[in-house]
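# Turn this into a structure:
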Amino acid sequence: MNPHILTLLLLVCSNIFMTVAWYGHLKLQTAGVSSNWPLWVVILCSWGVALIEYSFQVPANRIGFEGNGGPYSLMQLKIMQEVITLVVFMVFSLLVFEGFTIRWNHIAAMGLLVGAVALIFMK
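Have a look, this model is predicted:
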């Protein structure tokens, strides 16, 4: 598979699991599933999900990094990852958290991040 596409797909998968690890427990708590769990149990569960996240993130960086023959510089990988993180977070929030809405300032912030991606790819 094309390393450009494979890197992006792995970063998207990674960020889906990362978002679940970071914010999924909040939904479980509001749904009453984990309300009485001690914090250490919540942390261990999140770490378990984060382990899956790393199983996608590490290969994405190794395949995508130009130092390993990939198509992207270190900065390009990082900026792409940040934009993917925010897109995944917004979709997750819209689907999982009732009452979450995207406002004009969210869109403006995303536009600035897209601008950052454009800047980082300039020679």
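
# Every contact and neighbour count from this point should use C-alpha atoms.
Will do.

# So in this protein, which helix runs the longest?
If each helix of the chain is counted by residues according to DSSP state H, the longest one is helix 3-30.

# how near is residue 37 to residue 28?
With the distance defined as C-alpha to C-alpha, to the nearest Å, residue 37 ends up 10 Å from residue 28.

# Which of the two has more residues huddled nearby?
In this view residue 37 and residue 28 are compared by other C-alpha atoms under 10 Å, and residue 28 has more residues nearby, 13 against 10.

# got the contact list for that one?
By C-alpha atoms under 8 Å, 6 or more residues apart in numbering, residue 28 lies in contact with 34, 35.

# so residue 117 is in which element?
Using DSSP states H and E, the secondary-structure element containing residue 117 is helix 104-120.

# buried stuff in that helix?
Across helix 104-120, burial judged by 16 or more other C-alpha atoms under 10 Å covers 113, 117, 120.

# which secondary structure elements does that helix contact?
The elements that helix 104-120 packs onto, with contact taken as 3 or more C-alpha pairs under 8 Å, 6 or more residues apart in numbering; DSSP states H and E, are helix 74-96.

# Checking the residue in the chain sticking out farthest from the centre next. Helix, strand or coil?
Going by C-alpha atoms, centre = their mean, the residue of the chain most distant from its centre is residue 36, 27.6 Å out. At residue 36, secondary structure determined by DSSP: H, G, I helix; E, B strand; the rest coil is coil.

# phi, psi of it?
Phi and psi for residue 36, reported as degrees, to the nearest 10, are phi -100, psi 10.

# sorry, back to before: please work out the angle formed by the directions of the helix holding residue 117 and helix 74-96.
On the basis of axes from the mean of the first three to the mean of the last three C-alpha atoms, to 10 degrees, helix 104-120 is oriented at 160 degrees to helix 74-96.
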